[in-house]
Structures are given as C-alpha cells and as structure tokens.
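Asks: make a model of this:
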Amino acid sequence: MMAGRRTYLWAATAGIALVGAWLVVGLNPQLEQGPVTWASEVFDQGDRLEWAAVDPAPGEAQIMVSYRSTGPVPVRVAAVTDDLMVAHSGLSVIGEAEILLQEDAKPVVNVPRGGEFAVWQTLDLLCVDLAAGTGAVARHVRVDVTTLGITRRLELPLAPRSVTLWTTTDHSCPG
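Replies: Numbers count the residues shown, from 1 in each chain. Predicted structure coming up:
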C-alpha cells in the first residue's frame, strides 16, 4: 500500500514539474535582434539613431528588421498590423530563400530553434491625429509568437533605430 502511494506522489510531482516547464518555455519565447536591417529610399538614413521620412506616399515607407530565435524549441511567428502606423506586415524565414524579397513574405512562419526571420512592414500615418510639423514614432515591431501551443504578443525593439513618419500638413483620422 505504501509503495502505491509513493508511486502516485512521484507521478504527480513529475507531472507538475512537466507542466511547469511547459509553461516556462511556452510563456517566455526567446527572440533577439538579428544582424539584418533595411529601409526604403524614402527614409533619411543619415541619422544612426532614427529612420525618418517626411510625407511618404502610401506604400513608400517600408522597413525590414531581422530577429533570431534563441529558445530551446521552434516557434511560430505571426505578423501583426495596427491602426496607427503599420499598414502591412509580413514575415520571411532567413535561409529558406537565396534572396529576401518583401513580395515573398507570409503572414505566418515557422522558425526553427536557432533560426532567423525577417519582419517586413509598410508604414503609413493610418489613423493618427497630427498637426503640421509633427510625426509618429515606432520603436517596436509587434508579432504574435506561439511556443508549445501558447501564443503571446511581443513588442520586439527596432534597435538600434526608431522609425519616424513626419507630416507637413494637418493629418487626422477619417470620419
């Protein structure tokens, strides 16, 4: 009778430890800035701390930033858009293609352990109220990351630069 109780306690303890490990890994995806960044010609790239564009036409302001998965398991990454600045967002796994092209970006990618991915974004002043001579700043890229079935929204830094879209005219949300 005592051996059965010990076996039960041992199995329960092992189960709790496994669930705890699953939660720790699943709730803490590990991503770091990668070595590759790019911005379209509309941006002034002279400043080392900021990419800035003044009155870009719709679709002109495009960036790409890479990140590396440093966690112990593969991750699934989904692109996120918002109603402030990100008009379109897509993803590419670095190493799957010889040349990275924004046209080949997908809304969701599976990134292997230790793999790198690129986040492509088309930025615009979508629904922000701005006075002439002001701008909107992006300091993060938002993505949804799924690890071991647990999805979290992450704000990955746009290091070493932020992105600013300036307007020379008053800009407001439609409606």
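Asks: just the pLDDT for the residue positioned nearest the centre of the chain.
Replies: For the chain, the residue nearest the mean C-alpha position is V143 (3.7 Å; Cα atoms, centre = their mean). Predicted confidence (pLDDT) at V143: the value is 95.
Asks: mind checking the SS state of it?
Replies: Following DSSP: H, G, I helix; E, B strand; the rest coil, V143 is assigned to strand.
Asks: so what's P157 up against?
Replies: The neighbours of P157, taking Cβ atoms under 8 Å, 6 or more residues apart in numbering as the test, are Q33, R139, H140, V141. For every residue, glycine as well, the C-beta is placed using N, CA and C.
Asks: gap between it and V141?
Replies: Look at P157 and V141: by Cβ to Cβ, to the nearest Å, they are 8 Å apart.
Asks: try V54
Replies: Taken as Cβ to Cβ, the span from V54 to V141 is 22 Å.
Asks: what's the answer for C173, then?
Replies: Counting by Cβ to Cβ, the gap from C173 to V141 is 23 Å.
Asks: and if you look at W120?
Replies: 10 Å.
Asks: check A97 too.
Replies: Taken as Cβ to Cβ, the span from A97 to V141 is 20 Å.
Asks: neighbour-wise, which of those two wins?
Replies: Set A97 next to V141 and count neighbours by other Cβ atoms under 10 Å: V141 wins out with 22 against 10.
Asks: tell me the pLDDT of Q45.
Replies: In this model, Q45 carries a pLDDT of 74.
Asks: what does I16 give?
Replies: For I16, pLDDT reads 68.
Asks: and if you look at I94?
Replies: For I94, the predicted pLDDT is 89.
Asks: give the bridge partners for it, please.
Replies: E116 (DSSP bridges).
Asks: L123 versus that one, what's the distance?
Replies: For I94, the distance to L123 - Cβ to Cβ - is 21 Å.
Asks: the more surrounded of the two?
Replies: More crowded of I94 and L123, by other Cβ under 10 Å: L123, with 28 against 17.
Asks: is it possible to mark the buried ones in the contacts of P157?
Replies: Neighbour-count burial (16 or more other Cβ atoms under 10 Å) applied to these gives V141.
Asks: which of the contacts of P157 lies closest to A61?
Replies: Nearest to A61 out of the contacts of P157 is V141 (Cβ to Cβ; 14.0 Å).
Asks: ok, now which ones touch that closest one?
Replies: Per Cβ under 8 Å, 6+ apart, neighbours of V141: V65, V119, Q121, E155, L156, P157, L158.
Asks: state the number of residues packed around A39.
Replies: 19.
Asks: nope, D82 is what I was after
Replies: Counted with other Cβ under 10 Å, D82 comes out at 12.
Asks: so what pairs up with the closest residue to it other than its chain neighbours in the strands?
Replies: Using Cβ to Cβ, 6 or more residues apart in numbering and skipping the chain neighbours, the partner closest in space to D82 is R142 (6.8 Å). For R142, the beta-bridge partners are E155 (DSSP bridges).
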